[in-house]
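# No sequence on hand, only this structure:
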């Protein structure tokens, strides 16, 4: 069975707000992700399992710099005011990047397509 690789430009499947949201999510939780002890994260302690099984309450998971310090964010699982402001800033950055580096996607796609063809030979 042959695996087919399809190369597409980012703009074919993600718009400006998609890219911006991805950047915001990464920035929001980056410090927690790079400092996580993977053994503790993936193998929860038995005590935690028992406590979660007994609780019917919705518990907020994770943290982040724009989703853990606001009553609204805690209550509704959303972004606080600083997070919304950062989203708007990043959106402007993404728009500027598309204008200044718009050819990058096209060039990268061409390079990857050529590499795939060469690998098949």
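Thanks, I have the structure now. All figures in this text were calculated on a predicted structure; none of them were measured in a lab. Residues are numbered from 1 along each chain as shown.

# pull the helix or strand with minimum mean pLDDT from this protein.
helix 71-76 (a mean of 53; mean pLDDT, DSSP states H and E).

# Please, which helix or strand holds residue 115?
helix 103-120 (DSSP states H and E).

# Sorry, wrong one. I was asking about residue 88.
Counting by DSSP H and E, residue 88 is found in helix 81-100.

# Outside of that helix itself, list whatever touches it.
Contact partners of helix 81-100, identified using Cβ atoms under 8 Å, 6 or more residues apart in numbering, comprise 11, 16-17, 19-21, 23-24, 27-28, 65-67, 70, 73, 79. Just so you know, the C-beta spots here come from the backbone N, C-alpha and C atoms, and that holds for glycine as well.

# The same query, at a cut-off of 10 Å, please.
Counting contacts by Cβ atoms under 10 Å, 6 or more residues apart in numbering, the residues outside helix 81-100 that touch it are 10-11, 15-25, 27-28, 64-67, 69-70, 72-73, 78-80, 104-105.

# okay, now residue 114: neighbour count?
By other Cβ atoms under 10 Å, the residues close to residue 114 number 11.

# quick one: it from residue 37, how far?
When distance is defined by Cβ to Cβ, to the nearest Å, residue 114 is 42 Å away from residue 37.

# sorry, back to before: just the buried residues out of the contacts of helix 81-100, in PyMOL syntax.
Selecting only the buried entries of the contacts of helix 81-100 in PyMOL, with 16 or more other Cβ atoms under 10 Å as the criterion:
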select buried, resi 19+20+21+23+24+27+28+64+65+66+67+70+73+79+80
